[in-house]
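Sequence first, then the predicted structure, then my questions.
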Amino acid sequence: MSEDLLIDVQQVTLRFGGVVSLRDVSLAMRRGEILAVIGPNGAGKTSLFNSITGVYQPQEGSITFASSKAPPLSVIGKKTHRIAQAGVSRTFQASRLFSALTVFENVKIGAEDHRGIGVAGALVKGPRTRRGEHTSDKVAASMLRFVGLLDESNTVASQLSYGARRRLEIARALATDPEVILLDEPAAGTNPSEKLELTTLIRRVRDERDVSVLLIEHDMKLVMALAERIYVLNFGSMIAEGTPEEIRANPAVIDAYLGSSTEETSA
């Protein structure tokens, strides 16, 4: 794992009126690592993701994304599509799939959108889309093969199991050719078998696709199995950072979140 920074969050504060969602939050993600952010509901985890991807605009601090293909990008103030084009992709806790479209069409839209064609162009198939049809088809097939869903290409997305939908969301995110993928509660709603498959897939995303992974997750077994480092948020403030072993033993984390066990929690 390289030591150079991929995402550098410095002293970010995010307010909504009188409510402070993030308070002086800093985070450093190294290129090539699997990094997790944990904390109770309402701790500010999704607000942090939304700030990194341009959905929210913090009032204070800085967020820098250091692409290997372009100069560092100052994220705050940039549109979400600009950040995505720079190499930051994400999934959401609530599914954002096009449920009425096929598995293949969902991933192909991700590939086309990355090339600036967008959802409408991918569906209408105008001249610009047709010129890139072969390339986007190859990308979609490759990503579906990677996540183990190629045989389900013609299945309508709404007919997939919950675990398969999660894998489809990852395939669509990978179709945008990211350098980092942000996974928001990827294991939510999955059964134990699906969680094992997901753990293996996330590790392969980093090891085989060379895509760094920033993960929000409540399932502590999955976090401890995957993450090389963990940040802990509580009430919008970062209270701890360290290896899984260090986080397990941190009294502040135990009091705020983990309790007396690192078993799976519904907090």
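Sure thing, it's come through. Residues are numbered from 1 along each chain as shown.

Show me what the helix or strand containing residue 104 is in contact with.
If you go by DSSP states H and E, residue 104 is part of helix 103-114. By Cβ atoms under 8 Å, 6 or more residues apart in numbering, the residues outside helix 103-114 that reach it are 84-85, 97-98, 101, 118-119, 121-123, 129, 132, 135-137, 139-141, 143-144, 149, 152-157, 160, 168, 171-177. Placement of C-beta: from N, CA and C, glycine included.

Helices along the stretch 51-200 of the chain, start to end?
Taking DSSP state H, counting those that start in this stretch as the test, the helices found in the stretch 51-200 of the chain are 80-86, 103-114, 118-124, 127-131, 133-147, 162-174, 192-209.

neighbours around residue 4, how many?
10 (other Cβ atoms under 10 Å).

meant to ask about residue 56
Per other Cβ under 10 Å, the neighbour tally for residue 56 reads 19.

Tell me the spacing between it and residue 21.
To residue 21, residue 56 is 8 Å away according to Cβ to Cβ, to the nearest Å.

how close does residue 91 get to residue 78?
When residue 91 is compared with residue 78 (using Cβ to Cβ), they lie 20 Å apart.

Output the below-cut-off pLDDT ranges for this structure.
Counting by pLDDT under 70, the low-confidence segments of the chain come to 1-3, 113-132, 257-267.

so where do the strands sit in it?
5-16, 19-30, 34-38, 60-65, 73-74, 88-90, 180-184, 212-216, 229-234, 237-242 (DSSP state E).

okay, residue 91 and residue 78: which has more neighbours?
Legend: neighbour count by other Cβ under 10 Å for residue 91 and residue 78, higher for residue 91 (22 against 17).

Check the contact lists of residue 56 and residue 21 and give me the overlap.
The overlap between the contact sets of residue 56 and residue 21 (Cβ under 8 Å, 6+ apart) consists of 14, 47.

per the record, what domains does this protein have?
1-87+178-267, 96-177 (automatic domain parsing).

gap between the two ends of the last one?
Between the opening and closing residues of domain 96-177 lies a distance of 18 Å (Cα to Cα, to the nearest Å).

tell me how far that domain is from the chain's mean position?
Distance of domain 96-177 from the chain centroid (Cα atoms, centre = their mean, to the nearest Å) equals 17 Å.

start the count at 58, not 1, going forward
Okay, residue one is now 58; in that scheme the one you just asked about reads as domain 153-234.

Give the bridge partners for the nearest residue to residue 295 once chain neighbours are set aside, please.
Nearest non-adjacent residue to residue 295, counting by Cβ to Cβ, 6 or more residues apart in numbering: residue 82, 5.2 Å away. When bridges are called by DSSP bridges, residue 82 pairs up with residue 69.

looking at it, residue 82 is touching residue 104, isn't it?
No: with contact defined as Cβ atoms under 8 Å, residue 82 does not reach residue 104; the gap is 9.0 Å.

what touches both of the two?
residue 293.

Give me the more crowded residue out of the two.
Neighbour comparison, residue 82 and residue 104: the larger count goes to residue 82, with 26 against 22 (by other Cβ under 10 Å).

what about residue 73, neighbour count?
Residue 73 is flanked by 9 other residues according to other Cβ under 10 Å.

ok, it to residue 293 distance?
Taken as Cβ to Cβ, the span from residue 73 to residue 293 is 11 Å.
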